[in-house]
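Asks: Predicted model, plus sequence, below.
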Amino acid sequence: MIAGNWKMNKSPAETVKLIAELKKIQTKTNAEVVVCPMTVSLFAASAQLKDSEIKLGAQNVHFEDKGAFTGEVNCASLKELGVEYVILGHSERRQYFGETDETVNKKTLKVLEQGLKPIVCVGESLEQKQIGITNEVVCLQTKAALCGVTSAQIRDVVIAYEPVWAIGTGMTATASDANQTIAAIRKAIREVFGYAADDVRILYGGSMNDKNAGELMSQPEIDGGLIGGASLIAEKFEKVINYNR
Ligand code: PGA
């Protein structure tokens with residue numbers, strides 16, 4: 001899976017333009033391609049993606065069905081717009097908007113119950129990396145997010161391992177470090193869900209771009225990428241999708 005996290009970029013009109021460019025891409029791999037525009041651009045994106053293989057994702061959702069939650073959006077409305085995936089627990093949401101392991105878990109359960117697929121983000125901070133607790137942190141975040149997920153649902157879950165220090169900084173984890181951490185995440189999922197863990201797609205994210213995508217994605221444990229900056233430029237995103245090993 002190659003998923004573009006557009007963050008707070010691309011207005012509805014700009015979204016239509018970028019998707020028009022992305023639709024021209026001839027995918028040479030078997031990657032499932034997903035774009036995740038801002039909430040206000042989802043409607044325009046959905047219309048533009050009608051005759052396309054590219055899937056639509058959202059960047060967040062609320063864990064309740066409806067009610068007095070000013071400014072929030074619910075799963076039912078995302079589904080109505082043709083959204084299939086929802087990014088949950090991105091580190092920017094954890095850092096700036098009070099997202100916690102508990103709310104990520106509630107959202108994961110709601111998204112799955114509503115027939116959407118979560119892309120759950122986990123990742124360690126620079127301090128946590130420096131003191132050597134990366135695996136503990138990401139495995140805890142993963143298990144907390146998946147608490148209460150059923151064995152029938154686990155295959156619809158996507159995990160994105162995104163070291164916080166690598167996001168938007170131009171610094172990436174080395175391919176072998178990313179591979180090892182993702183192996184640890186898969187082991188944690190296996191402890192709870194058995195060999196269904198082998199079917200869970202685990203992506204790498206954090207300054208993945210047209211230059212390093214091939215090396216990262218040729219690692220055996222890495223099932224794709226969650227791409228921020230490089231997903232906003234069609235030529236770069238194309239090179240990530242059609243990466244060379
Ligand atoms: P980046 O963002 O590719 O710009 O580092 C990735 C992400 O935050 O999902």
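Replies: Cool, got the structure. Residues are numbered from 1 along each chain as shown.
Asks: need the contact list for the residue in the chain positioned nearest to the ligand.
Replies: The ligand sits closest to Gly228 of the chain, with a gap of 2.3 Å, by C-beta to the nearest ligand atom. (Each C-beta comes from the backbone N, C-alpha and C, glycine too.) Listed by C-beta atoms under 8 Å, 6 or more residues apart in numbering, the contact set of Gly228 reads 4-7, 167-168, 205.
Asks: And Phe193, by the same measure?
Replies: By C-beta under 8 Å, 6+ apart, the residues touching Phe193 are 146, 149, 151, 154, 200.
Asks: average model confidence for the helix or strand hosting Cys121?
Replies: Applying DSSP states H and E as the criterion places Cys121 in strand 117-122. Mean pLDDT, computed over strand 117-122, is 98.
Asks: what do you get for stretch 14-33?
Replies: pLDDT averaged over stretch 14-33 gives 94.
Asks: Now neighbour count, pLDDT and secondary structure too, for the contacts of Phe193, in JSON lines please.
Replies: Compiled in JSON lines, those are given as follows (neighbours: other C-beta atoms under 10 Å; pLDDT from 0 to 100; DSSP: H, G, I helix; E, B strand; the rest coil):
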{"residue": "Leu146", "neighbour count": "24", "pLDDT": "98", "secondary structure": "coil"}
{"residue": "Val149", "neighbour count": "20", "pLDDT": "98", "secondary structure": "coil"}
{"residue": "Ser151", "neighbour count": "10", "pLDDT": "95", "secondary structure": "coil"}
{"residue": "Ile154", "neighbour count": "18", "pLDDT": "98", "secondary structure": "helix"}
{"residue": "Val200", "neighbour count": "21", "pLDDT": "98", "secondary structure": "coil"}
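Asks: Tell me the one of those nearest Pro37?
Replies: When those are ranked by distance to Pro37 (C-beta to C-beta), Val200 comes first, at 24.9 Å.
Asks: What does that closest one show for phi and psi?
Replies: Backbone geometry at Val200, expressed as degrees, to the nearest 10, gives phi -80, psi 130.
Asks: Contacts only, for Glu191.
Replies: Contacts here follow C-beta under 8 Å, 6+ apart; on that basis Glu191 touches nothing.
Asks: so which strand or helix has it?
Replies: Going by DSSP H and E, Glu191 is part of helix 175-193.
Asks: Strand 117-122 and the helix or strand following that helix, what's the angle between them?
Replies: Note on helix 175-193: by DSSP H and E, the next helix or strand toward the C-terminus is strand 201-205. On the basis of axes from the mean of the first three to the mean of the last three C-alpha atoms, to 10 degrees, strand 201-205 is oriented at 50 degrees to strand 117-122.
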